[in-house]
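Student: Got a sequence here, can you build the structure:
(chains A and B)
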Amino acid sequence: KQEVTQIPAALSVPEGENLVLNCSFTDSAIYNLQWFRQDPGKGLTSLLLIQSSQREQTSGRLNASLDKSSGRSTLYIAASQPGDSATYLCAVREASGSRLTFGEGTQLTVNP
Amino acid sequence: SAVISQKPSRDICQRGTSLTIQCQVDSQVTMMFWYRQQPGQSLTLIATANQGSEATYESGFVIDKFPISRPNLTFSTLTVSNMSPEDSSIYLCSVEAITMRGVSTDTQYFGPGTRLTVL
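Tutor: Now for the predicted structure:
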């Protein structure tokens, strides 16, 4: 059974700092990995999708990497802003089927 | 991408009653999913709903408790039946977006969620 772990559970940083969120998964037979953002009381916003054959994806100040063999992904946020404050979730999709298995998220607070 | 709306956005219900949640997508999609997010926890897949066939339920979820309809390629409903306080959660609909040619983009998009409180 696939298990996804995110570290740290919570992170508080001053505005402008670069930061890294970590995601690990137990079964490396994945199809892809997706990073989401969830604002309080809201749904999920897709940030980045990395296919299993890819090493990284970039969108603006966000960069996600994937090391499938070691079961790890990182989300790098450059020059953090207060608007980045949210819970960040990673989810892996199995090689068979469309089920996403989610981590428990990292709650990020960026202080002005 | 896909724009997803859910109704209701929130509700407070009495124990033993049922609530039907609607999910509407702005484009035709093949696969729709229903997730549950219990307080302080991450998301858990309840079932996958494909048009024209019965939903496929994950371990721990049954059709009698969570009946699902998928009448067309843009709409689905999830009913939470005979509710108890343990059913208090956010219920989220998601879809796998497809291109104009009907090819999957492999990206899942989520609706805003329905926050359910059962007293």
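Student: for chain A, what are the nearby residues on chain B?
Tutor: B:1, B:4, B:31, B:33, B:41-45, B:48, B:58, B:92, B:94, B:96, B:106-113, B:115 (Cβ under 8 Å from any Cβ of the partner chain). (Each C-beta comes from the backbone N, C-alpha and C, glycine too.)
Student: Ends of stretch B:77-89, what's the gap?
Tutor: 16 Å (Cα to Cα, to the nearest Å).
Student: ditto for stretch B:61-70
Tutor: 17 Å.
Student: May I see the buried residues of that stretch?
Tutor: For stretch B:61-70, the neighbour count (16 or more other Cβ atoms under 10 Å in any protein chain shown) marks B:61, B:65, B:66, B:67, B:68, B:70 as buried.
Student: so can I have a markdown table of those residues showing secondary structure and pLDDT?
Tutor: Listed next are those as a markdown table, based on DSSP: H, G, I helix; E, B strand; the rest coil; pLDDT from 0 to 100:
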| residue | secondary structure | pLDDT |
| --- | --- | --- |
| B:61 | coil | 96 |
| B:65 | coil | 97 |
| B:66 | coil | 97 |
| B:67 | coil | 96 |
| B:68 | strand | 95 |
| B:70 | strand | 93 |
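Student: Show me where chain B has its strands.
Tutor: Secondary structure of chain B (DSSP state E): strands at B:4-7, B:10-13, B:19-25, B:31-37, B:43-50, B:56-57, B:68-72, B:75-80, B:89-98, B:104-110, B:114-118.
Student: which residues does residue B:1 contact?
Tutor: A:46, B:97, B:107, B:109 (Cβ atoms under 8 Å, 6 or more residues apart in numbering or on different chains).
Student: of all the residues in chain A, which ones are close to chain B?
Tutor: A:31-32, A:34, A:36, A:41-46, A:49, A:51, A:89, A:91, A:93, A:98-100, A:102-105.
Student: Please indicate which of these are buried?
Tutor: Counted by 16+ other Cβ under 10 Å, those give A:31-32, A:34, A:36, A:43-44, A:46, A:49, A:89, A:91, A:93, A:98, A:100, A:102-105 as buried.
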